[in-house]
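J.: make a model of this:
(one chain, ligands or ions: 2)
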Amino acid sequence: QTTFDIAVLGGDGIGPEVVAEGLKVLAATGVDVRTTEYDLGAARWHRTGETLPDSVVEELRGHDGILLGAIGDPTVPSGVLERGVLLPLRFALDHYVNLRPAKLFPGVTSPLSTEVTDKGLDFVVVREGTEGPYVGNGGALRVGTPHEIATEVSVNTRFGVERVVRDAFARAQGRPRKHLTLVHKHNVLVHAGHLWRRTVEEVGAEFPDVETAYQHVDAATIFLATDPARFDVIVTDNLFGDIITDIAAAVAGGIGLAASGNINPTREAPSMFEPVHGSAPDIAGQGKADPTAAILSVAMLLDHLGRTEDAQRVESAVAADLAERSAERSTSAIGDAVAARL
Ligand code: IPM
Ligand code: MN
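T.: Ligands and ions are numbered 1, 2, ... in the order given. Down below sits the predicted model:
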């Protein structure tokens, strides 16, 4: 395939600004892409009341990949865009692998001491993307009364857990250390926890070279902040994965550098790549946002499209840019600098 059809969803806040830099870098790789922009997020909701029309989902299915900026805005009630745009996209396109690498690039300052980071900080979190407490299974009774009841029920299916665990094992198998850590909380969440634990044990039999470990999620946060070198691949559920990937981003130099892929490994629907950060409305429109996470998301997109060398070139250009970073630069200056290296 020579031309890739990429859908671009800038979204809210700093989303469009950082995505523009990602596209600038994508263009600089010389890879032949045709981009189509879709307007989703706060502006559309205010204008039409729509979040994610079915017709848009159907059009997105026709693309080779999706690049997303950020969804969420303080002028819209909390949850409307998250539950109305971002999560339905992940669910409809069956993005069951939410892949979030955490790697400390040379020259980047981590809040951890060099004594800790010298041991290594290069791991990837495989966060389940379609189940857990995110499915919206719950409800509220007697709202506003002193007897209000709210439930958010985490859904974990054998099918859903097994497919993401198998993907995580395969990724671990392909890495030099071949190490996989399950993060959960099976001492309290016994039903889901033991399903995850048993599934890791059973699928692990197919991957005899991969060594496995287990951490409760609370303990995992300690090790992420004190000894991240112990992690290679982490597999975990949707909510634990959401939380620990923010810690992972923080220790790897900040949320401005953290990229992610919402991946459908079956390729029956396009995968979607996005920075881990949100829409940061406080700095939107000021040219202050760091587009590096969006640019690294483009690298992940290229890798997913089979353009491994181009992905590597983008990552190397970012690494070189990070190594030489000194004064603060604007969003577009960073995009220009990375693009110039290609
Ligand atoms: C993320 C975000 C989303 C999530 C929100 C915006 C719904 O925090 O991509 O990590 O919780 O998955
Ligand atoms: Mn998050």
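J.: looking just at contacts, which helices and strands does the helix or strand harbouring residue 249 meet?
T.: For residue 249, the host element (DSSP states H and E) is helix 238-251. Using 3 or more C-beta pairs under 8 Å, 6 or more residues apart in numbering; DSSP states H and E as the contact definition, the elements that helix 238-251 packs against are strand 97-103, strand 122-128, strand 179-184, helix 217-226. C-beta: built from backbone N, CA, C; applies to glycine.
J.: closest to residue 2 out of the ones you listed?
T.: Distances from residue 2 to each of these were compared using C-beta to C-beta; the minimum, 25.9 Å, belongs to strand 97-103.
J.: how about that closest one as CSV, C-alpha atoms only?
T.: Output for strand 97-103, consisting of C-alpha atoms alone and laid out as CSV, is shown next (Å, rounded to 0.1, in the frame of the first residue of the first chain):
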residue,chain,number,x,y,z
VAL,A,97,-5.0,-2.9,23.6
ASN,A,98,-4.3,0.6,25.0
LEU,A,99,-0.5,0.6,24.5
ARG,A,100,1.4,3.2,26.6
PRO,A,101,5.2,3.1,26.4
ALA,A,102,7.2,4.8,29.1
LYS,A,103,10.8,5.4,28.2
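J.: what does that strand rub up against?
T.: The contact list for strand 97-103, computed with C-beta atoms under 8 Å, 6 or more residues apart in numbering, reads 90, 121-129, 164, 167, 228, 238, 241, 245, 248-249, 251-252, 258-265, 276, 300.
J.: near ligand 1, list only the ones from those residues.
T.: residue 276 (C-beta under 6 Å from any ligand atom).
J.: in this protein, what residue comes closest to ligand 1?
T.: Distances from the chain to ligand 1, computed as C-beta to the nearest ligand atom, single out residue 82 as the nearest residue at 3.8 Å.
J.: where along the chain do the helices fall?
T.: 15-29, 42-48, 54-61, 80-81, 87-92, 114-117, 158-173, 190-204, 217-226, 238-251, 292-304, 308-323, 331-341 (DSSP state H).
J.: can I get those helices in JSON lines including mean neighbour count and mean pLDDT?
T.: Converted to JSON lines, the helices of the chain look like this (neighbours: other C-beta atoms under 10 Å; pLDDT from 0 to 100):
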{"stretch": "helix 15-29", "mean neighbour count": "24", "mean pLDDT": "98"}
{"stretch": "helix 42-48", "mean neighbour count": "16", "mean pLDDT": "97"}
{"stretch": "helix 54-61", "mean neighbour count": "14", "mean pLDDT": "98"}
{"stretch": "helix 80-81", "mean neighbour count": "20", "mean pLDDT": "97"}
{"stretch": "helix 87-92", "mean neighbour count": "18", "mean pLDDT": "98"}
{"stretch": "helix 114-117", "mean neighbour count": "13", "mean pLDDT": "97"}
{"stretch": "helix 158-173", "mean neighbour count": "20", "mean pLDDT": "98"}
{"stretch": "helix 190-204", "mean neighbour count": "17", "mean pLDDT": "98"}
{"stretch": "helix 217-226", "mean neighbour count": "16", "mean pLDDT": "98"}
{"stretch": "helix 238-251", "mean neighbour count": "21", "mean pLDDT": "98"}
{"stretch": "helix 292-304", "mean neighbour count": "27", "mean pLDDT": "98"}
{"stretch": "helix 308-323", "mean neighbour count": "18", "mean pLDDT": "98"}
{"stretch": "helix 331-341", "mean neighbour count": "19", "mean pLDDT": "98"}
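J.: quick one: closest of these to residue 182.
T.: Put simply, out of the helices of the chain the one that sits nearest residue 182 is helix 190-204, at 4.8 Å, with distance taken as C-beta to C-beta.
J.: by contact count, what packs against the closest one?
T.: helix 158-173, strand 179-184, strand 211-216.
J.: how about 7 Å then?
T.: The contact analysis (3 or more C-beta pairs under 7 Å, 6 or more residues apart in numbering; DSSP states H and E) places helix 190-204 against helix 158-173, strand 179-184.
J.: could you export these as a markdown table, including distance to residue 340?
T.: Supplementary listing: these in a markdown table, determined by distance: least, C-beta to C-beta, whole Å:
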| stretch | distance to residue 340 |
| --- | --- |
| helix 158-173 | 32 |
| strand 179-184 | 37 |
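J.: circling back: so how many other residues sit close to the residue of the chain closest to ligand 1?
T.: By the criterion of other C-beta atoms under 10 Å, residue 82 has 16 neighbours.
J.: ok, for it, nearest residue in space, not its chain neighbours?
T.: residue 72 (6.1 Å; C-beta to C-beta, 6 or more residues apart in numbering).
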